[in-house]
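S.K.: Starting from these lines, generate the structure:
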Amino acid sequence: MRAIPLTVTALAAALLLTACDDGGGKNGDSDSSACEIGGVSVQIGSASVAPAAGDSGEIPVSITNQSAPCTLDHFPAVTLSTGDAEKTVPALKDAKAQKLKLAKGDSATFSISYVRGKDGDENALTAKDVKISLPGSDTGQSFPWKYGPVAGKADGSGPDASVSAFQQVGD
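M.R.: Got it, this is the predicted structure:
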């Protein structure tokens, strides 16, 4: 007679597991709402510009929450646009994203690193704009790219550039 209670218990457990949240935070978890441009301000800071072809440059980007608490969970999406085409800038190899919760007034930063390309090189990307989007949001903000052409990767897979993980500013 013990087989029936165990079967019922197993069936009940299976039903409960199928009703669990997928971890996406969409069941009223206000702490996991993604930060969105408009609710946060995005600014590009003073860059360490690559002066000549083959040199590396770094562009800091700061994000300040202007509204309700929100979360940055993954890497920012960064694309370089020539006006005719867009190229995605990948995350820095081996970088680990961390989940950051930003209260109103809190800030985070990340950086865009790139290798300057040679003027007129067919593999170089002559970017006009850089578009930044935050994880979990489709809205982006564009800024003029004024740092020279971006070298192409040797394997032709895109620009020789990368995006770092978000870092909390302050304590």
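S.K.: Quick check: pLDDT value at the residue nearest the centre of the chain.
M.R.: Residue closest to the average C-alpha location in the chain (CA atoms, centre = their mean): P76, at 1.1 Å. pLDDT recorded at P76 is 95.
S.K.: where along the protein do the strands fall?
M.R.: Assigned by DSSP state E, the strands in the chain fall at 40-44, 56-65, 70-73, 77-81, 86-89, 99-102, 107-115, 129-133, 140-144, 161-163, 167-169.
S.K.: Mind checking the pLDDT average for the longest one?
M.R.: By that I understand strand 56-65. Mean pLDDT, computed over strand 56-65, is 96.
S.K.: do the same with stretch 132-143
M.R.: Regarding stretch 132-143, the rounded mean pLDDT is 92.
S.K.: chain center to it: distance?
M.R.: 8 Å (CA atoms, centre = their mean, to the nearest Å).
S.K.: what's the answer for stretch 38-56, then?
M.R.: Per CA atoms, centre = their mean, the centroid offset for stretch 38-56 relative to its chain is 15 Å.
S.K.: List of residues touching it?
M.R.: Counting contacts by CB atoms under 8 Å, 6 or more residues apart in numbering, the residues outside stretch 38-56 that touch it are 57-68, 70, 102, 113-119, 121, 130, 132, 134, 139, 141, 143, 147-148, 151. Placement of C-beta: from N, CA and C, glycine included.
S.K.: Same list (the strands of the chain) but as CSV, adding mean neighbour count and distance to D155.
M.R.: Listed next are the strands of the chain as CSV, based on neighbours: other CB atoms under 10 Å; distance: least, CB to CB, whole Å:
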stretch, mean neighbour count, distance to D155
strand 40-44, 17, 28
strand 56-65, 18, 18
strand 70-73, 22, 30
strand 77-81, 19, 17
strand 86-89, 17, 14
strand 99-102, 18, 32
strand 107-115, 21, 14
strand 129-133, 19, 22
strand 140-144, 14, 27
strand 161-163, 22, 14
strand 167-169, 13, 29
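S.K.: I'd like those strands as CSV, with distance to A50 appended.
M.R.: Output for these, formatted as CSV (distance: least, CB to CB, whole Å):
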stretch, distance to A50
strand 40-44, 15
strand 56-65, 3
strand 70-73, 27
strand 77-81, 14
strand 86-89, 15
strand 99-102, 28
strand 107-115, 7
strand 129-133, 14
strand 140-144, 17
strand 161-163, 11
strand 167-169, 22
